[in-house]
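> Give me a 3D structure for the following:
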Amino acid sequence: MANKKISALTAKTTPVAADEFAINDVAGGATKKVTLDNIDDVLKATTQTITNKTIDGDNNTITNLAIGAEVTGASTDLTDTAALTYNADTDVSGNGYVLDEDNMASDSATKLASQQSIKAYVDLKAPIANPTFTGEIGIGAVNVSETELGILEGATTTTAELNILDGVTSTTAELNILDGVTATATELNYVDGVTSAIQTQLDAKSPSTAPTFATSITGSYLTASEILITNGSKDIVSAPVATYPSLTELAYVKGVTSAIQTQIDAIGAPEGTAVLSTGEAGGSKFLREDGDGTCSWQALAGGGDALTSNGLDQFAATTSAELAGVISNETGSGLLVFNDSPALITPDLGTPSDLVGTNITGTAAGLTVGATTGVEAGADVTDTANVTAAGALMDSELTSIADVKALDQSVVNGASPVFDGTNFTNIPAGTVDVVSNVATARVLGRTTAGSGNSEELTASSVRTLINVEDGADVTDATNVQSAGALMDSELTSIADVKALDQSVINGASPVLATTNMTEGTDKNFVTDAEATVIGNTSNTNTGDEVALIASEINTGTDTDKYATADALAGSYVGTARVVISVTPDNIDVVTGDNQARTYIPTSVGGMNLVGVHAYVVTAGTTNTTDVQIHNLTQAADMLSTVSTIDSGETSSRTAATPAVIDTANDDVAAGDIIRIDIDAASTVSPEGLYIELEFRLP
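Residues are numbered from 1 along each chain as shown. Predicted coordinates:
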C-alpha cells in the first residue's frame, strides 16, 4: 500500500491480541511485526519502567506512584478497580489483608489488624499501672498465686535486697527472713544441704586455736610408735625412725645435768682403747670414780640398768619437771601429758593432714569443714535458709543484733535487771538512782549541798529538811494554822472549795451558768444572737455584716466581710483541677476517639465541669486541632462546641472560637470515666497535648 503518515491512519479504539505493530529489529537490522500478545508477554516476563512508574505484569502491581498509592488488583489491565484500595477509602473490611479478630487467633505475620480488634485485644490485657490479676500468674516456668503475691504487700525490702534472691530456691517463709541481709545468692547457697543446726555442729568441733581434747587424738594417717613432728607446711606428721633416737636411746640421758658434749669435751680422750671389767660379770654394775684417783664397779640402785632392757621403774618417782630437766629439745612447758583425758593448755598442733575430731567441744572459730559427721563435704554454713530451718535466731529477726550480743543480764519476766535512768521516758528530769538494799526506816533524799546521788535519810534528817521539829503534832489545829494551812473554819463553804474544778482568779476564764447571776451596771448578759451583732461595722445593732461573693474571694482583698460555704465553693478555692497528658511532648497529636482517659475521684464527684483548656508543647500549623470531652460512663459529650487550638497557637485560651460546655451534660459522679477525643488535628500536627479540666460544685 502507499505510504501514509500515522496521523492519517484510521484509529482503532478496541485493539485485540492479534493486532499487529511494526517494530524495528535492531539486532536483525530489519522492520518486523509484533502483536499485542507479544508485547504483553514481554511486559509480563520483566519489570518495565514507564514514565517513572514501575509495572510488574506477573504480580499486577504499579509502584513509584504518589505516597500511599500502591495499586494491587487481580485484573491484568488494572480495570478491576473493585479489588483496589485507595488512600481515600474509609472502610477496608472487605480486603483479605485486613483481619478483625479480637483475640488475634490467626497470629498472621502478613495481615493487618483492624483498630477495633487491636483495642479489644489490648483491653483484655492488664494495664501497666495498678494491674489486677485473677488466678495464678505465670513467670517463666513458675506459677505464682494471688496469695503468694499478697505476701509482698507492705514489704519493706529494698530492690538491692530483693536482687540478692536471684537464683535462690527457698520458700516464702524462708525468704521473709532475709529482710536486711546483704549476702549474695552464691553465699546464701553455701549451706544448701545442711541437715541440722550449723552452730550446734560447729560447737561440737575443736577450735583451730588452743583446742582442748577430752579424749585421745587419733591420726589415721600417722605411723604407730613414731614421734610426731611438723613438716615445712606446719602439718603434724610421723618422723621416720631413722631421723631421731629411739626411746631407749633417749633414756640414756636420764639424770644428765648439763650439756653432754661439754662434759665429753672436758673429759678428753680416754687412756687406752677399752675399759675391761676384770672379774665382774652380769652387766649390772657401772664404773665409778671413787675420788681418790681410782675407779670401782658399783651395783645400780634398784638392781637394774635402764639404759638396756629394764624400765624406768627402778628409779625413784620422777616428776614432769624432773623429766623435763634431762631433756634439752622439748617443746612447750607444763605437765607431762598421757593419752587418757589430757588437758592441753594453748597447744599449737600446726596443720594436720588428717585429724579425727570426735567429741571435740568448744567454739569453732576458723574451723575448716572437711569430712565431718552430719555435714556433707563443701557444706556452706552461711546459707541463711538452712541456718533458719535449723532453728537459728537470725540477725534479720532482731531489731538490734549489737544490743543482743551485749546483753549481760536476764530481762525475762520476773528477772531483776539493773539499769540506769539515762534514756528512760516518763521519768522526771534529773538523775535516777537505783533503789536497792535501803536500810529500814530510811528515806531516800539528799541533804549534802550540791547535786549528786541520793542519800539514806533518817526520820530526824527528814524533819529537819522539811522544817518540822521533832515530836511535832500535825493534828494540832494551832500548829497547822501557824504553819500557813487554810483551815476549814476560815472557809464559808468547804464543800464548794473542794468541788472547785476551774480557775476563778483574776484574769481567768471560768465557764459559769447564768441561772443565779444578777446583772450589774454596764455588766449585762447577752444572748448568742445579740452577741453576733455587737461590735459590727456600723456600731449599731442592725446586723449589717456583708458576705463575700466568689469573685471577691478570688481577688482576696476584702478585710471586713465574711465568706459563706457557697461562695467558697464557687471560687478558685472550691475549684478542682484535673490535668491529663494525652500525647508525650515529642509525639504528634493524631485524630481519633479515646486518645486518653481519666477517672473522677470521690472528691470531685457531684461537681460540674466549668472550664476546659487544651495546651500543646509544639504548635501545629494549617487548620485547627479540635478536642471533645466525652463522659464514657454517661455516654455523653460534655462540650456543645469543641475546644480548639488555632494554627500556630499552643493554647485554646486564645482560640477564635471558645469551647462551650453543654450544661445538660456537665455533671460528673465519682468513678465516671472521662474520655479525650481528638476530632481534628492541624495539617502539620502539633506535639505534646495536655488537657486541663476544672470542676466546681453546682
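> Please make it C-alpha for all contacts and neighbour counts, starting now.
Fine.
> Which pLDDT value goes with the nearest residue to Asn479 once chain neighbours are set aside?
Nearest non-adjacent residue to Asn479, counting by CA to CA, 6 or more residues apart in numbering: Asp473, 7.4 Å away. Model confidence at Asp473, given as pLDDT, is 71.
> quick one: Asp473 from Thr464, how far?
Going from Asp473 to Thr464 by CA to CA, to the nearest Å gives 15 Å.
> go on, Ala251?
When distance is defined by CA to CA, Ala251 is 86 Å away from Thr464.
> So which of the two has more stuff around it?
Neighbours per residue (other CA atoms under 10 Å) separate Ala251 from Thr464, with Ala251 holding more: 17 against 13.
> returning to that earlier point: what helix or strand does the residue nearest to Asn479 sit in?
Using DSSP states H and E, Asp473 falls within no helix or strand.
> Verify the stated contact: it with Ala483.
No. Counting by CA atoms under 8 Å, no contact exists between Asp473 and Ala483, whose distance comes to 11.7 Å.
> Now do the contacts for Trp297.
Trp297 makes contact with Ser277, Lys285, Phe286, Leu287, Arg288, according to CA atoms under 8 Å, 6 or more residues apart in numbering.
> Out of these, which one has the lowest pLDDT?
Across these, no position has a lower pLDDT than Ser277, which has 64.
> these two touch, right, Pro669 and Asn608?
I think there's a mix-up here, since residue 669 is Ala and not Pro. No. With contact defined as CA under 8 Å, Ala669 does not count as touching Asn608 (9.1 Å).
> just the helices in the stretch 251-400 of the chain please.
Counting by DSSP state H, counting those that start in this stretch, the stretch 251-400 of the chain has helices at residues 260-267, 320-325, 384-389.
> Average pLDDT for the next helix-or-strand element following the last one, rounded please.
Think helix 384-389. Secondary structure here is assigned by DSSP H and E; on that basis, the next helix or strand after helix 384-389 toward the C-terminus is helix 401-406. Average pLDDT, helix 401-406: 83.
> where does the stretch 251-400 of the chain have low pLDDT?
268-284, 300-315, 334-335, 338-339, 349, 352-381 (pLDDT under 70).
> hey, where'd the strands end up in it?
All strands of the stretch 251-400 of the chain, identified by DSSP state E, counting those that start in this stretch, fall at 285-289, 295-299.
> Mean pLDDT per helix and strand in this structure: which one sits at the bottom?
Sorting the helices and strands of the chain by mean pLDDT, DSSP states H and E puts strand 71-72 at the bottom, at a mean of 52.
> Following element in sequence after that one, please.
Heading towards the C-terminus - elements assigned by DSSP H and E - strand 71-72 is followed by strand 98-99.
> Tell me which strands that next one pairs with, and in which orientation.
strand 112-113 (parallel) (DSSP bridges).
> Go ahead and name everything in contact with the following helix or strand past the partner strand.
The element immediately downstream of strand 112-113 (helix or strand, assigned by DSSP H and E) is helix 115-123. Under the contact criterion CA under 8 Å, 6+ apart, helix 115-123 has outside partners Asp100, Glu101, Asp102, Asn103, Met104.
> hey, where'd the strands end up in the stretch 101-250 of the chain?
Counting by DSSP E, counting those that start in this stretch, one finds strands in the stretch 101-250 of the chain at the ranges 112-113, 137-139, 142-144, 228-230, 236-238.
> Residues touching the shortest one, excluding its own?
Strand 112-113 is contacted from outside by Tyr97, Val98, Leu99, Asp100, Glu101, using CA under 8 Å, 6+ apart.
> give me the number of residues near Val616?
By other CA under 10 Å, 24 other residues sit near Val616.
> looking at this, it is in a strand?
Yes. Looking at Val616 with DSSP: H, G, I helix; E, B strand; the rest coil, it is inside a strand.
> picking up where we left off before, between the contacts of strand 112-113, which has the most around it?
Neighbours here are counted as other CA under 10 Å. On that basis the top member of these is Leu99, with 19 neighbours.
> wouldn't that one be in contact with Thr110 here?
No. In this structure, Leu99 sits apart from Thr110 without contact. The criterion is CA under 8 Å, and the distance is 10.3 Å.
> thinking again about what came up before, kindly compare burial across the helices of the stretch 251-400 of the chain and name the winner.
Highest mean neighbour count among the helices of the stretch 251-400 of the chain (mean count of other CA atoms under 10 Å): helix 384-389, with a mean of 22.
> As CSV, could you dump the C-alpha coordinates of that helix?
Backbone C-alpha positions of helix 384-389 (Å, rounded to 0.1, in the frame of the first residue of the first chain) are rendered in CSV as follows:
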residue,chain,number,x,y,z
THR,A,384,20.6,-18.3,105.6
ALA,A,385,17.7,-20.6,104.6
ASN,A,386,19.4,-23.7,106.0
VAL,A,387,20.5,-21.9,109.1
THR,A,388,17.0,-20.6,109.7
ALA,A,389,15.4,-24.0,109.0
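> Check which helices and strands it sits against.
With contacts defined as 3 or more CA pairs under 8 Å, 6 or more residues apart in numbering; DSSP states H and E, the secondary structure elements packing on helix 384-389 are helix 172-176.
> Quick check: mean pLDDT of the helix it packs on?
If you average the per-residue pLDDT over helix 172-176, you get 61.
> can you check stretch 411-419 too?
What stretch 411-419 shows for mean pLDDT is 79.
> First residue to last residue on it, what's the distance there?
Using CA to CA, the end-to-end distance of stretch 411-419 comes to 11 Å.
> Surely Ile661 touches Ser643?
No. When contacts are counted by CA under 8 Å, Ile661 is not listed as touching Ser643 (9.4 Å).
> Quick check: the two most widely separated of the contacts of Trp297?
With CA to CA as the measure, no two of these lie farther apart than Ser277 and Arg288, at 11.9 Å.
> ok, Val642 - contacts?
Shown in contact with Val642 (CA under 8 Å, 6+ apart): Asp626, Val627, Gln628, Ile629, Pro658, Ala659, Val660.
> Name every strand pairing with whatever helix or strand His630 lives in and say which way it goes.
In this structure, His630 sits in strand 625-631 according to DSSP H and E. Sheet neighbours of strand 625-631, with direction, are listed as strand 636-637 (antiparallel), strand 643-645 (antiparallel), strand 673-680 (antiparallel) (DSSP bridges).
> what about the helices in the stretch 501-650 of the chain?
Taking DSSP H, counting those that start in this stretch, the helices of the stretch 501-650 of the chain run over residues 528-533, 550-555, 565-569.
> Mean pLDDT lowest where, among those?
For those, the bottom mean pLDDT is recorded on helix 528-533, which sits at a mean of 61.
> out of the helices of the stretch 251-400 of the chain, which comes closest to Thr515?
Using CA to CA and comparing those, the one that lies nearest Thr515 is helix 384-389, at 74.1 Å.
> In contact with the spatially closest residue to Ser551 that is not a sequence neighbour: list those residues for me.
Once flanking residues are discounted, Ser551 sits nearest to Ser571: 6.6 Å by CA to CA, 6+ apart. Each residue near Ser571 by CA under 8 Å, 6+ apart is listed here: Ala550, Ser551, Ile553, Asn554.
> Include neighbour count and distance to Ala18 when you put those residues into TSV, please.
Listed next are the contacts of Ser571 as TSV, based on neighbours: other CA atoms under 10 Å; distance: CA to CA, whole Å:
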residue	neighbour count	distance to Ala18
Ala550	20	90
Ser551	13	90
Ile553	18	93
Asn554	14	90
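> Could you work out the most separated pair of these?
Ala550 and Asn554 (6.3 Å).
> Need the residues touching each of these two.
Residues touching both Ala550 and Asn554 (CA under 8 Å, 6+ apart) are Ser571, Tyr572.
> Could you report the neighbour count for Glu20?
Taking other CA under 10 Å as the criterion, the count of residues near Glu20 is 15.
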